[in-house]
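**Student:** Below is the sequence, then the predicted model.
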Amino acid sequence: MRSLITGATGFIGSSLLAALHKNGHHVVACVHRTDDVHLPSGTQTLAVDYMRDLTAESWLPRLAGVEVVINAVGILRESARATFAELHHLAPRALFQACEQGGVRRVIQISALGADRAAVSRYHHSKRAADNYLRAGTLAWTILQPSVVFGPQGASTQL
């Protein structure tokens, strides 16, 4: 199965990438830098700018032959180079539109616990906006809303 993972060098995305790679899946990793040495050997990479790739047209060529998209891109803090609106909502919305146009079979959205009607933070509102867009579309989807995620390289583990 050919899968595409956004946020493939992030905390959650890198774990998903390693697990899929280990189990023989062909994974396309969307990354900021295609020369990242932490990726499994032989990983196909695509450079993505989540602040600029905000149209279905920018994503559609990247989906050739892809059956499953896992959207694991996310940030905990905003900066001038990475905002919640673009990374959590607008880029995923464009990706989901491209998935519908490109015939992708399934989308897995890594969201966040609290991305619901009671959300008060911009972080949660941006995650919820992408979740809602995905729910309203025609794709087969799964939305995961984890709470705190623990792992060897995680900030939560270091605390």
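**Tutor:** Received the coordinates, thanks. Bear in mind that the values here come from a model prediction, so they are computed numbers and not experimental data.
**Student:** average pLDDT across stretch 30-37?
**Tutor:** Across stretch 30-37, the average pLDDT comes to 78.
**Student:** please begin residue numbering at 27 from this point
**Tutor:** OK, 27 is where the count begins now, so the last one is stretch 56-63.
**Student:** So which residues make contact with it?
**Tutor:** Residues external to stretch 56-63 that are found in contact with it (CB atoms under 8 Å, 6 or more residues apart in numbering): 30-35, 65, 71-75, 88, 99. C-betas here are computed from N, CA, C, even on glycine.
**Student:** now that stretch, how far from the chain's geometric center?
**Tutor:** Stretch 56-63 has its average C-alpha position 15 Å from the chain's average C-alpha position, going by CA atoms, centre = their mean, to the nearest Å.
**Student:** What would that stretch look like as CSV? C-alpha coordinates only.
**Tutor:** As requested, C-alpha coordinates have been extracted for stretch 56-63 and formatted as CSV (Å, rounded to 0.1, in the frame of the first residue of the first chain):
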residue,chain,number,x,y,z
CYS,A,56,6.1,15.1,3.3
VAL,A,57,9.0,17.1,4.9
HIS,A,58,10.4,20.6,5.1
ARG,A,59,13.9,19.3,4.0
THR,A,60,14.3,16.3,1.8
ASP,A,61,17.8,15.6,3.1
ASP,A,62,16.7,14.8,6.7
VAL,A,63,19.1,12.1,7.9
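**Student:** Report the buried residues of that stretch.
**Tutor:** By neighbour count with 16 or more other CB atoms under 10 Å, stretch 56-63 contains the buried residues 56, 57, 58.
**Student:** What's the per-residue pLDDT of residue 98 here?
**Tutor:** Model confidence at residue 98, expressed as pLDDT, equals 97.
**Student:** now it: how far from residue 143?
**Tutor:** Using CB to CB, to the nearest Å, we find residue 98 at a distance of 24 Å from residue 143.
**Student:** the more surrounded of those two?
**Tutor:** Taking other CB atoms under 10 Å, residue 98 and residue 143 do not tie; residue 98 has more neighbours (22 against 5).
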